[in-house]
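Asks: Dropping the sequence and predicted coords here.
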Amino acid sequence: MKVKMLSRNPDNYVRETKLDIQRVPRNYDPTLHPFEVPREYVRALNATKLERVFAKPFLASLDGHRDGVNCLAKHPKSLATVLSGACDGEVKIWNLTNRKCIRTIQAHEGFVRGICTRFCGTSFFTTGDDKTVKQWKMDGPGYGEEEEPLHTILGKTVYTGIDHHWKEAIFATCGQQVDIWDEQRTSPICSMTWGFDSISSVKFNPIEVILDMRTNTICWNPMEAFIFTAANEDYNLYTFDMRALDTPVMVHMDHVSAVLDVDFSPTGKEFVSASFDKSIRIFPVARSRSREVYHTKRMQHVICVKWTSDSKYIMCGSDEMNIRLWKANASEKLGVLTSREKAARDYNQKLKEKFKHHPQIKRIARHRHLPKSIYSQIQEQRIMKEARRRKEVNRRRHSKPGSVPVVSEKEKHVVAVVK
């Protein structure tokens, strides 16, 4: 007679402790677990609540400027190095690890309008209201040496922006015109003009889209070279595909004042925007509404914002002479996580994704505390938008069929596309 038996290694059922605690095999038959879904729902609800309880994104402030911070730049090779330019012509180099200023340069007389680093990280360029473009060494001067620029270019007009090519020794400036410069020459190798309006920002990859109101700056998606996002004066941000510029891919609407700066995360899935309404917001690229809004009591009009190259932190510079450092994920725990903490984090994340459309969990996850000024402006704009919608509906109802066409939100703001 043959007897068949199941044989298992006891080592697989004993925990790695001094106590002989036997593991109990689990049967995943759903009929044996009738309360599994309600139990997981409660866990998802608790995980969502705890995420909001531990959402403390503010990390530190870099104090040292004596005037408003007007521009920021990242080091292409070092995550811990950041450059900032102020309205008094002062440029500071910061170490984010120590949260201290490692070097200060009186670069210009008046505003520092733009700052960018060379692709190899050995030097950086600044431009200001004194009609000059200056190149500086990234490393400080030696003992007894004076702080002098490597090169100085004196222009005829004020330059309002500057950007450097990622691989070649070429940089571009903007103002009354866009100039392309070679680092070894004192005159531009190419100049471009469009009408009589001044240009406030320049980035590599040429494009021109005419919107209802002025665009303050643009940022290219690092993972999709043909996608860029524009920060506009009409409180919105527009994501365009340069292969089809007739309509934007997405209109991002949540700010209640002019959007002054925008920067993509290294993953290309999200971007952060800085606004005149004293707040910064994080938008997913494929959604029209923001997932986070950051603000403090002292923070004034936010002029510039940058996402760090490791995709974990956000920096912003504002009018009250302060650079603030934020977590990109507000409830993320800093430091090294144990394997159990990582497993619990991943499990809670999956639960929140599974029950994210449940009304109560959705309400808690979406709730954000807003300053009274922003909240009141949101209510006012909601009333104005509803009034415009009613007016358009009444015009269409009392007009000849087809005379008042229905225009989508994406098509309303694009005036023309010049190719």
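Replies: That came through, no problem. Numbering: from 1, shown residues only.

Asks: Which strand or helix spans Arg340?
Replies: Secondary structure assignment for Arg340, by DSSP states H and E: helix 339-354.

Asks: First-to-last residue distance for stretch 139-154?
Replies: Taking Cα to Cα, to the nearest Å, stretch 139-154 runs 24 Å from one end to the other.

Asks: domain assignment for this structure?
Replies: The chain resolves into domains spanning 68-204, 207-331+413-419 when parsed by automatic domain parsing.

Asks: For the helix holding Arg340, buried residues please.
Replies: Across helix 339-354, burial judged by 16 or more other Cβ atoms under 10 Å covers Asn348, Leu351, Lys352. (Glycine included, C-beta is placed from N, CA and C.)

Asks: my guess is the first one meets Arg43, correct?
Replies: Yes. The pair formed by Asn348 and Arg43 meets the contact definition of Cβ atoms under 8 Å, at 7.4 Å.

Asks: Can you tell me which of the buried residues of helix 339-354 is nearest Gly175?
Replies: Among the buried residues of helix 339-354, Lys352 lies closest to Gly175 (Cβ to Cβ), at 48.1 Å.

Asks: quick one, what contacts that closest one?
Replies: Contacts were defined as Cβ atoms under 8 Å, 6 or more residues apart in numbering; by that measure Lys352 touches Ala44, Ala47, Thr48, Glu51, Ile361, Ala365.

Asks: Model confidence at the closest residue to Ser275 other than its chain neighbours, what's the number?
Replies: Spatially, and ignoring its direct neighbours in sequence, Ser275 is nearest to His255 (4.4 Å; Cβ to Cβ, 6 or more residues apart in numbering). Note for His255: predicted pLDDT of 93.

Asks: From what I see, His255 and Asn236 are in contact.
Replies: Yes. Proximity of His255 to Asn236 meets the contact threshold set by Cβ under 8 Å, at 7.4 Å.

Asks: So the two - more neighbours on which side?
Replies: With other Cβ atoms under 10 Å as the criterion, His255 and Asn236 differ in neighbour count, and His255 comes out ahead with 28 against 23.

Asks: ok, now how distant is that one from Phe283?
Replies: According to Cβ to Cβ, to the nearest Å, His255 stands 10 Å off from Phe283.

Asks: which residues do these two both contact?
Replies: Here His255 and Phe283 have Leu237, Ser273 as joint contacts, going by Cβ under 8 Å, 6+ apart.

Asks: end to end, how far does stretch 118-133 reach?
Replies: Start and end residues of stretch 118-133 are separated by 14 Å (Cα to Cα).

Asks: List the buried residues in it.
Replies: Judged by neighbour count using 16+ other Cβ under 10 Å, the buried positions of stretch 118-133 are 118-119, 123-133.

Asks: so how far is stretch 68-87 from its chain's centroid?
Replies: Using Cα atoms, centre = their mean, to the nearest Å, the mean C-alpha position of stretch 68-87 is found 15 Å from that of the whole chain.

Asks: Could you work out the end-to-end span of it for me?
Replies: Distances were taken as Cα to Cα; on that basis the terminal residues of stretch 68-87 are 5 Å apart.

Asks: residues of that stretch that come out buried?
Replies: Under the neighbour-count criterion of 16+ other Cβ under 10 Å, stretch 68-87 has 68-76, 81-87 buried.

Asks: repeat for stretch 312-319
Replies: For stretch 312-319, burial by neighbour count (16+ other Cβ under 10 Å) applies to Tyr313, Ile314, Met315, Cys316, Gly317, Ser318, Asp319.

Asks: for it, what is the average pLDDT?
Replies: 94.

Asks: which secondary structure element contains the residue nearest to Val404 when sequence neighbours are not counted?
Replies: The spatial neighbour of Val404 that comes closest, neighbours along the chain excluded (Cβ to Cβ, 6+ apart), is Arg396 at 4.4 Å. Using DSSP H and E, Arg396 maps to helix 372-397.
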